[in-house]
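**Student:** structure here, sequence nowhere to be found:
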């Protein structure tokens, strides 16, 4: 015969399908030896039997419950039924289904109170508390057993307080009793009665909890979560304990480690002779948990012991509620404690050192967001609570910064050089703003999305940035920015939160957590586990050094065009583009080659023999041309040509959709001499460094390939140049690699045809996402907020890989490539390279590495490990 | 035992593996009863046996050849060996492999001539001819048998002509004989001899042809074409006949039908007492073939008879070379005759009427290009031969036209209204130029590709257009166009060939073939066979009427935005876009709805209950905004706002990559009221017309869907509007369809998720190709010529579907859709809809219809049938 009732201390292998989740948990904790208030569980089967045949309760269960109550009285040395015994046992009755159904089912506390016993409780605690408990019982019982709305009781209490002109805390005994009678009258109005006999209360409560399995909201919840209707709910009957039973009683909350710092050791507060709510309410100031050691030393030692036991059991920092009733410690609840990012990292590290968890578990627990928080400054929470943002844009690059407003890159540079902290405000940024951007604390743009120029550059530099803040009307002429009624002018101070996208007036205080030894150690653990390697998108010496400091395994993307925007060089680039004859063009090319050669030498000296993929020129040529009238004049003068003529030449280069225009490898088809120059610069620098013993294998990447003929043609051109260079230098040919980007849908769909001509592949997920969605990153800010508001897009596909769409193209490509060339390296260089969910997918489809901006490397390393552990 | 030699008249089932291709053919023609010069074939096996064992020739084959020669003498009643018999038999020896290896192997003519017999031939024909034959024999024999370069002989003859100061035509007998001796001396210099015995000549020739199977170029050719080395070549020995053997001899060429018009009946020319080369050389004027009827009536009758026989055999118009030797007709060669497009259509039609071929064969034979030619005017070939184009652009829309140059749409309209024929020259056209474009004879742009605005509109109107003519420097200010040194000004006349992309100075005469009954009939045959239906892209009443006249099965794409460009409407559209408040916006919307309702009514009245898919607003809003200062002023005045304010508003709408920007369904997410207005206009018009008994099922198409949520959201919005309209009108709901375009890679990759929300699908191959390649149609002209020059792209993917790339996406989409919804209609509306190769692919992947511009419908109908027959 099946047993219908188990005491917490009984069940050998607690089964949630029999005891419910809560019942099983209470059994486990009791068996570990924790001082849990005592009680028993009525099984889920009893529930189902009762629901089919209500007679089962009177015929079978009632007797068994009575026996269990008797046993509980024995165990607790308290009395449930006798209204004369001061040692009164009150119980709670709680539902507990095999699967968690939060808030869906019912609970009644303080069962066992009645008109007589409430006075006993008052004696043991105090009048107000005892009657509060009794009123709650009357209210919960009415709700759960008879479905009488709680409101009725609340209104009545409110009225009594008004009538007596006192709060219920201050009621006299008589006043309390008047209210109790009024509460009972609510029952009577419905022809019902609140049973004075504790056993009657208990029986009614158990039956009501059983029935609550079939209430409407529970049914709907089960349907929604696909939980079987045949499981039933268990009922837990548990002793109530009272921390307000005198000066040897107390109640409190402790953490097993400091939730702010992660430091090991009890951390928490308590109040003597108080109940839990008193701690929360803040009427009395709680005491530091360590004072308990002197006030109730035995209980304190027990608490210390049991909290350590709990931590060992759950292998994580615990947040524990406890009550001491007349010197005896009870643990009421324990859960994994909430903590700051810093604490989480410290705790996980310490738990590994304490051999409580292994490294993998530590990496599983540390969220990438935790790490992200640690790597960027944030505004102090207190300061944020006291102020209101005046505008909100896209959180393009995390961090926090305050400074004075400035509207042009040049001014930003000037002001910064005078020692000011500046915030650069622009409609959009362009590559020429780069030096002003570097000089700023943060960048705010009114246009552009999460992957606009400003966003990409800012993330690349680990700098705070908010983009697409469309509410800002920036007027460069008058040097003002308007946002609704607010008008700010040059020199006004604002604060920018790149993590939330919010912008505030005035200066807000910042905090910055420095990352330390522990973090480095944890990332080394991550590297041990990850199979997807992490490289960096970097080309400046500073960025490359950062990347290496962050343990990048190489440079996945060095964008050669970024080197052309420096003031001297851009003029040469412009001369090249606008050259009217071979001679002019060759002169410009020679000069650019000279620059690039020096750059590459510097870069290779840093990366040494780690892989570094150099991507040849990618953007449309007109990106290098002047935008302003002033620049135009300067250039015309420099080239000694007419402005009108120059304008006409520039106009001819303009494109309607430059993203889909004359760029990438298309430039190499029309102007082979540019790539030729770049290849010469790369090989010249490599040859020099190889002489000094650095074993460099140059890797050259061709962008924007759509068709195998493009790649084979350009590869042939490049190889011809390389062989010429070998011959000219009279050196033995050495290994080099020529690869391609996969950033157009067609390249993915026809990757098999590209494979013979590519030594390696790198997905450019930014462009690939643009083409797959037909979204321009530069323009998306104009409408994407409508998409988010209407939940049409729930994520930004430029931040998080669209696995089903863009990812499908990548899968197709990888299948193609792997079917021909098992060993060729396949990487990803795009914004999604730093996103954990994306890395998980990328690992699944067989990507060898992701390449991201240096400041995202720590997150990517962690994410890569987590992807493996997922 | 295997036979080594077959006479042409012998082999019952001629096997090219035994007789070679040529031998088998000669056997067939002989057996049909055609008067082919007589001869025999030495088998391919003989060749292989000989190549393995050269003794085989002397031991076995030589005797058999001698017997065959004797038999040939008997058959022809001519003598091969005797230098005394005037009835001399000369033969040709030709190789003939089982597979055609053109030019790879060897031939010797006039075998049997020697010092004595050349005089006999001279008597029979004339001195110059006979010695010419003999010299050729000496030369070919030297080449084939001894590999002595032909050049030696040519130089010698040249020298002799110089020495004698006469052409060889004028040589005396003695002079001829001197040259022959010099030719022989070339042999002797190598220690060789030209055999005077015809039999020795024949044996040597046969052996040489056998050996030529293994010459270097033949080996390479076989390797290249994967032809087995073990097949061997047959040798054909055939009687030579001479059309210059006197006044009962003749030679000529006839077609069985007129190659220019297709008219049935002999068509051709001949010369009495002449050889084939005389006809070609044009020294004597040939006579019309019909004169032969009186000159050589018997031969004429035979010719008539045999040519009909040949036509019946080959079931096509034949181009036949014939020779009459002393009254006896010989057919030397026959092949399918070249013909004009018009003739091809007439001939195919007639052959069906004559039951020589069936309709399917007729459709197989008529090329889509033939049809295309017939549908557009062309410049007269003679005129083209005499002139030189000054510029070349992309052949954007076929046709030919001359007219005076004009530089703006407005002027084009004005000049046209005064009765001028005008050619509109612009850098690029925009939708606002539309009326000026309509008024023009042809459009030329210096920018833009095959699918630029100008190209698309021109093709839509069946109007001649050349785009991307980058050599033209158009200056609208000075109203001049410069091309190299040439400067043309407004009013100058040019001629534009839209079929070749060439542009000429001055006026060139045009011809236009009207399409007629026959063409209509052939297209009806096509419709019977095609499974892919043909619809039209059309929205103006004129276009719709054209489409219906061309038998479109419906309208596959009615672009609602095209209706907004009319002068009154665009102002309203601009007001809508720039509205500052709800009131203004609603006023504009109401006005636009009024316009659209009237349009739709007119359209539905034309199409009646044929399907018509109306696509809701697609282009970015800023396309509707003013471009010129004047328009801007006008608009500012009309809106009573400041120009600066207006400029700012317009600037905010500008996008970097409008093709990837805020357009299509994205407009409906941000501005739902526009689609709502359009749906109201559609349904109001449908309701009115349904009352008059036309059973219209409105079909509404949503453009630029990338994500199922977009479609489900917009569908829901549209359906809510529809239900409101039904309710407001108190009418029973009627059937309607809401579908989507598949024009973004993601829509294809995730078509399964779209299927629940789409009643039909239409691929937009233009946009899909743009996204898949990352090519902007507007900008491609800047670099695509480099791609064509370097053969990196061998076709224009906007004209011909890129089956492997773009097509693969389409296949993925169709598989997705069909796996869920077998019956939903899937169409294609894009430029490739009119391309035959593309239609073939589209049929294979299961597309239900293609939709193209009205003027391409005939071609598409034919192509659809051909796709089925392929």
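**Tutor:** Okay, I see it. Note that the structure is a prediction, hence the values are computed from the model and not measured.

**Student:** verify the contact between residue A:712 and residue A:755 for me.
**Tutor:** No - the criterion here is CB atoms under 8 Å, and residue A:712 misses it with residue A:755 at 11.3 Å. (Each C-beta comes from the backbone N, C-alpha and C, glycine too.)

**Student:** so for those two, which sits in the more crowded spot?
**Tutor:** Relative neighbour count places residue A:755 above the other of residue A:712 and residue A:755, with 21 against 16, counting by other CB atoms under 10 Å in any protein chain shown.

**Student:** near the closest residue to that one other than its chain neighbours, how many other residues are there?
**Tutor:** Spatial nearest neighbour of residue A:755, chain neighbours left out: residue A:820 (4.6 Å); criterion: CB to CB, 6 or more residues apart in numbering or on different chains. Per other CB under 10 Å, the neighbour tally for residue A:820 reads 13.

**Student:** residue A:820: what's it in contact with?
**Tutor:** Contacts for residue A:820 (CB atoms under 8 Å, 6 or more residues apart in numbering or on different chains) come out as A:752, A:755-756.

**Student:** between the residues you listed, which sits nearest chain B?
**Tutor:** residue A:752 (9.7 Å; CB to the nearest CB).

**Student:** check contacts around the closest one.
**Tutor:** Contacts of residue A:752 were listed using CB under 8 Å, 6+ apart, and they are A:816-817, A:819-820.

**Student:** other residues contacting whatever helix or strand residue A:182 lives in?
**Tutor:** Residue A:182 is part of helix A:173-189 when elements are defined by DSSP states H and E. Outside helix A:173-189, the residues that touch it by CB under 8 Å, 6+ apart are A:115, A:118, A:122, A:127, A:131, A:134-135, A:138-139, A:142, A:146, A:148, A:152-153, A:156-157, A:160, A:164, A:166, A:168, A:171, A:193-194.

**Student:** related to what we said a few turns ago, quick one: buried ones out of the contacts of residue A:752?
**Tutor:** Buried members of the contacts of residue A:752, counted by 16 or more other CB atoms under 10 Å in any protein chain shown: A:816-817.

**Student:** if we ignore the residues flanking it in sequence, what's nearest residue A:409?
**Tutor:** Spatially, and ignoring its direct neighbours in sequence, residue A:409 is nearest to residue A:436 (2.4 Å; CB to CB, 6+ apart).

**Student:** does that neighbour really touch residue A:415, like I thought?
**Tutor:** No - counting by CB under 8 Å, residue A:436 sits too far from residue A:415 to count as a contact (9.6 Å).

**Student:** how far does the helix or strand harbouring residue A:548 sit from its chain's centre?
**Tutor:** Using DSSP H and E, residue A:548 falls within helix A:541-549. Centre-to-centre, helix A:541-549 and its host chain are 26 Å apart (CA atoms, centre = their mean, to the nearest Å).

**Student:** if we can go back for a sec, filter the contacts of helix A:173-189 to the buried ones?
**Tutor:** Counted by 16+ other CB under 10 Å, the contacts of helix A:173-189 give A:118, A:122, A:127, A:131, A:134-135, A:138-139, A:142, A:148, A:153, A:156-157, A:160, A:164, A:168, A:171, A:194 as buried.

**Student:** all helices for the stretch 1-150 of chain A, in order.
**Tutor:** For the stretch 1-150 of chain A, the helices defined by DSSP state H, counting those that start in this stretch occupy A:16-32, A:44-52, A:55-56, A:62-76, A:117-124, A:127-146, A:150-164.
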